[in-house]
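Visitor: Here is the input, now give the coordinates:
(2 chains, ligands or ions: 2)
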Amino acid sequence: MKDIIKIEKLTKTYEDNIILNNIDLTITEGEFVCLIGPSGEGKTTLLNLIGGFIEKDSGNIKFQGKEIRKPTRDCIMVFQEFDQLFSWKNLKENIGFPLKNSREKLSMEEINNLSTKYIEMVKLKGFENHYPHQLSGGMKQRVALARALATSPKVLLMDEPFGSLDAQTKSSLHSTLLDIWGKTNTTIIFVTHDVREALTLADRIVLLKEGIIREIIDNNEKIPTDKKVAEITRLL
Amino acid sequence: MKNKVYLQGYKLKAIWVILALIIWESIARFSSVTSLAFPSLTLIGKALIESIISGEIINQMAFSLGLIILGLIISILLALIMSSLSIINPIVENLVDTCISIFHPLPGIALLPLIILWIGTGYKAVVFIIIHSVLWPMILNMVAGFKAIPQVYKKIGRNYEFSTGKIISKIYIPASLPYIIAGLKIGWARAWRAAISAEMIFGATGGKGGIGWYIFNKRVFMDTPGLFAGLIVIIIIGILVEDLAFGKLEETTIKKWGIS
Ligand SMILES: Nc1ncnc2c1ncn2[C@@H]1O[C@H](COP(=O)(O)OP(=O)(O)OP(=O)(O)O)[C@@H](O)[C@H]1O
Ligand SMILES: [Mg+2]
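Guide: Ligands and ions are numbered 1, 2, ... in the order given. The predicted model follows:
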């Protein structure tokens, strides 16, 4: 297994607050990693750093051996906000939009085919012409996921994408996500508050607290027993 | 349900208008006011039909609208450039802010003497006044719209490696369309008023002075029915643009997208 993201001695401060303190973390290709931790402990900050959206103070963050300096199409972010969809574009246009700017110039037909393929993957067939305001929260997050996946990023950065959804919608999105992840070779870094969600999805759970990585938990079975949930919750 | 309420609103409005026309006609017919000041509806109607048939009123209106559209297009382009530069570069932003503080409160008509001195009284002067009236509120709205764009849109633009130009044209402009349309409405209203006032003062060159010059001229010749005919056309155009054109624009964009 090749390393895809390598973080070494990463430090990030805001004014006088040390948010991330000398962090080391290596993520291998195709891995599903969940970042959990209490609110305000730097999960979003770490994801933004990996995505190249903000600047670090010191240390290294490498993508396939190269320092990350700005956002690229290799690492695509999916956000928690429902308004991450473009309100003036319908579902299909939202998914096609980034494809129009891809490095390998795609023809209209290829864009159309890709959009259709990913719409089916996230189970939204029949809603192609709907505008975001006509979709439910769960559907919007499915679109956001499809839009990100359609560009075939190497890494998917997900910042509590299902954070504002009800349990049932969440769980159906979990199976969709795991299903797609199984079919592609995408590496996923997924931030969540929800221990049960992390135990459902992740190969490894990274617990971030007080600026450092407190614990890395292997989770190969992906079965969120109450016992495991309780154990990890105690660490938070 | 909603449509019904609308329709009733329209019916009521029609009743008010008819009532006003009846009162008007009664005053014109039965009081001692001279028809020079208060022409009867038939006289006005006749003047309107004549000026339409002769094509004069249409020509003058077309001339005015042409100037306004030209002024609006130039203003929108200038506003786009200045707003875009001003969100990219803080120094430009400061310059644009300063210009707005100075010029926005300055009524276009107050600039007339200066414009006559610098540009003369031709159509260019009218266009200049229109641009001055439209540009500043337009920039204000555009910049406000750009600033109100959700942070997440900007991040997505960067994430997919769109160039700054594409981020502005493909994301900023559509995302701030509610603001831009609001700016357009203000711009239209101001341009319309500015054009009519300016035309009255500048007069015509080669018989073309616009609708403002047209009604002003009617008074000079004491053709009151003709003057009213001109006013009616001005009112109709105003309603057409504000209710129909802008209504349609909103319906096919921001209302459809659910962001109005
Ligand atoms: N732009 C900024 N300027 C100053 N401080 C910031 C900025 N962004 C984040 N912070 C601070 O950094 C800390 C970590 O924020 P971050 O958003 O990464 O937390 P988080 O773990 O994602 O929290 P949550 O679970 O609530 O989303 C917080 O204390 C926050 O106030
Ligand atoms: Mg966060």
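
Visitor: who in chain A is up against chain B?
Guide: Applying Cβ under 8 Å from any Cβ of the partner chain, we find that chain A lies next to chain B at A:51, A:53, A:70-73, A:76-77, A:79, A:81, A:83-84, A:86-88, A:97-98, A:101, A:131-134, A:151. Using the backbone N, CA and C atoms, a C-beta is placed for each residue, glycine as well.

Visitor: Show me the residues you listed that map onto helices.
Guide: A:51, A:97-98 (DSSP state H).

Visitor: Just give me the neighbour total for residue 17.
Guide: Here I'm looking at chain A. 10 (other Cβ atoms under 10 Å in any protein chain shown).

Visitor: that's the wrong chain, I meant chain B
Guide: Residues near B:Val17, counting by other Cβ under 10 Å: 10.

Visitor: what helix or strand does it sit in?
Guide: helix B:2-30 (DSSP states H and E).

Visitor: Tell me who's in contact with the residue of chain A found nearest chain B.
Guide: For chain A and chain B, the shortest gap (Cβ to the nearest Cβ) falls at A:His133, measuring 2.9 Å. A:His133 makes contact with A:87, B:257-259, according to Cβ atoms under 8 Å, 6 or more residues apart in numbering or on different chains.

Visitor: Apply 7 Å and report the result again.
Guide: A:87, B:257-258 (Cβ atoms under 7 Å, 6 or more residues apart in numbering or on different chains).

Visitor: now do A:Lys100
Guide: With Cβ under 7 Å, 6+ apart, A:Lys100 has these contacts: A:Ile111.

Visitor: quick one: it and A:Thr151, what's the gap?
Guide: Going from A:Lys100 to A:Thr151 by Cβ to Cβ, to the nearest Å gives 10 Å.

Visitor: Quick one: buried ones out of the contacts of A:His133?
Guide: Buried subset of the contacts of A:His133 (neighbour count, 16 or more other Cβ atoms under 10 Å in any protein chain shown): A:87, B:257.

Visitor: Write down the beta-bridge partners of the residue nearest the centre of chain A, one by one.
Guide: Nearest to the mean C-alpha position of chain A, by Cα atoms, centre = their mean, lies A:Met158 at 1.9 Å. Beta-bridge partners for A:Met158, by DSSP bridges, are A:Val78, A:Phe190.

Visitor: Let me see the domain layout of chain A.
Guide: A:3-74+A:153-235, A:86-152 (automatic domain parsing).

Visitor: Take these and lay them out in JSON lines including distance to B:Gly45 and mean pLDDT.
Guide: What follows is the domains of chain A, written out as JSON lines (distance: least, Cβ to Cβ, whole Å; pLDDT from 0 to 100):
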{"stretch": "domain A:3-74+A:153-235", "distance to B:Gly45": "62", "mean pLDDT": "95"}
{"stretch": "domain A:86-152", "distance to B:Gly45": "45", "mean pLDDT": "95"}
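
Visitor: Contact residues of the stretch 101-250 of chain B facing chain A?
Guide: The stretch 101-250 of chain B comes close to chain A at residues B:150, B:152, B:155-156, B:158-162, B:174, as judged by Cβ under 7 Å from any Cβ of the partner chain.

Visitor: closest to ligand 1 among those residues?
Guide: Distance to ligand 1, by Cβ to the nearest ligand atom, is smallest for B:Lys155 among these, at 12.9 Å.

Visitor: okay but the closest one is in contact with A:Gly52, surely?
Guide: No: using Cβ atoms under 7 Å as the test, B:Lys155 is too far from A:Gly52 to be in contact (10.4 Å).

Visitor: Among these two, which residue is more densely surrounded?
Guide: Applying other Cβ under 10 Å to B:Lys155 and A:Gly52 shows that A:Gly52 carries more neighbours, namely 21 against 17.

Visitor: pull the CA atoms of the helix of greatest length in chain A into CSV?
Guide: As assigned by DSSP H, the longest helix anywhere in chain A is helix A:167-183. Only the C-alpha atoms of helix A:167-183 are listed here, as CSV (Å, rounded to 0.1, in the frame of the first residue of the first chain):
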residue,chain,number,x,y,z
ALA,A,167,-30.5,9.2,11.6
GLN,A,168,-32.3,7.3,8.9
THR,A,169,-31.1,9.5,6.0
LYS,A,170,-27.6,9.3,7.5
SER,A,171,-27.6,5.6,7.5
SER,A,172,-28.8,5.3,4.0
LEU,A,173,-26.1,7.7,2.9
HIS,A,174,-23.5,5.6,4.8
SER,A,175,-24.3,2.6,2.8
THR,A,176,-24.2,4.6,-0.5
LEU,A,177,-20.8,6.0,0.5
LEU,A,178,-19.3,2.7,1.5
ASP,A,179,-20.7,1.1,-1.6
ILE,A,180,-19.1,3.8,-3.9
TRP,A,181,-15.9,3.7,-1.9
GLY,A,182,-15.7,0.0,-2.4
LYS,A,183,-16.0,0.4,-6.2
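
Visitor: which stretches of chain A form helices?
Guide: Assigned by DSSP H, the helices in chain A fall at A:43-51, A:91-99, A:108-121, A:137-150, A:167-183, A:195-201, A:226-235.

Visitor: Now find how far off-centre stretch A:1-12 is within its chain.
Guide: 16 Å (Cα atoms, centre = their mean, to the nearest Å).

Visitor: My error: substitute stretch B:231-251 in the last question.
Guide: Worked out by Cα atoms, centre = their mean, stretch B:231-251 lies 10 Å from the chain centre.

Visitor: re earlier: make TSV out of the helices of chain A and add mean neighbour count and distance to A:Asp24.
Guide: Output for the helices of chain A, formatted as TSV (neighbours: other Cβ atoms under 10 Å in any protein chain shown; distance: least, Cβ to Cβ, whole Å):
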stretch	mean neighbour count	distance to A:Asp24
helix A:43-51	22	12
helix A:91-99	22	32
helix A:108-121	16	35
helix A:137-150	23	27
helix A:167-183	15	25
helix A:195-201	22	20
helix A:226-235	12	19
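
Visitor: Which among those is found nearest to B:Asn141?
Guide: helix A:91-99 (25.2 Å; Cβ to Cβ).

Visitor: any idea how far ligand 1 is from A:Asn17?
Guide: Going from A:Asn17 to ligand 1 by Cβ to the nearest ligand atom, to the nearest Å gives 6 Å.
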